[in-house]
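Enquirer: Whatever this is, show me its structure:
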Amino acid sequence: MSDETDFICAVPVLASLDIRRSVDFFAARLGFTINYVSQGTYGIVERGGVQLHFWACADRRIAEATGCRISVRNIAALYRHCVAEAIVHPNAALNLTPWGNQEFAIVDPDGNLVTFFEAADKNDVFQIA
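Expert: Residues are numbered from 1 along each chain as shown. Modelled structure (predicted):
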């Protein structure tokens, strides 16, 4: 038996002013499946290997100071979808970062910043259209 611990995944828990609205947003706008909803207390959505959890919060300022990063494949297709849904953050269009990712962000109805990213090939050229 090894003494090394393997970290498997992280599950962000985001603040929500309205649990039902939060899970419905991610289901309807981003194709997540709703796994659990307890109005007023907790919610869970899932897509692929990603789960997002939501906890009830009465202070929007907390949600507006919260965010998470989600690794994806084929970010250009997701970006086109999010542009069509009009949910891309106005200051976070798809771009190539100095640390080698293509990324963009959305803001959910509660103000949580959700950044989607994909490792960029050094020769990547954005083909969004």
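
Enquirer: And the helices in this protein?
Expert: For the chain, applying DSSP state H gives helices covering 19-30, 60-64, 75-84.

Enquirer: Could you provide these in a markdown table, with additional columns for distance to residue 50?
Expert: Bear in mind the C-beta positions are built from the backbone N, C-alpha and C, glycine included. Shown next, in a markdown table, are the helices of the chain (distance: least, C-beta to C-beta, whole Å):
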| stretch | distance to residue 50 |
| --- | --- |
| helix 19-30 | 10 |
| helix 60-64 | 19 |
| helix 75-84 | 12 |
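
Enquirer: Pick the most buried one from those helices.
Expert: Ranked by mean neighbour count, these are led by helix 19-30 with a mean of 19 (mean count of other C-beta atoms under 10 Å).

Enquirer: From the chain's centroid, how far away is that one?
Expert: 12 Å (C-alpha atoms, centre = their mean, to the nearest Å).

Enquirer: what helices or strands is that helix leaning on?
Expert: Here helix 19-30 touches strand 33-38, strand 42-47, strand 50-56, going by 3 or more C-beta pairs under 8 Å, 6 or more residues apart in numbering; DSSP states H and E.
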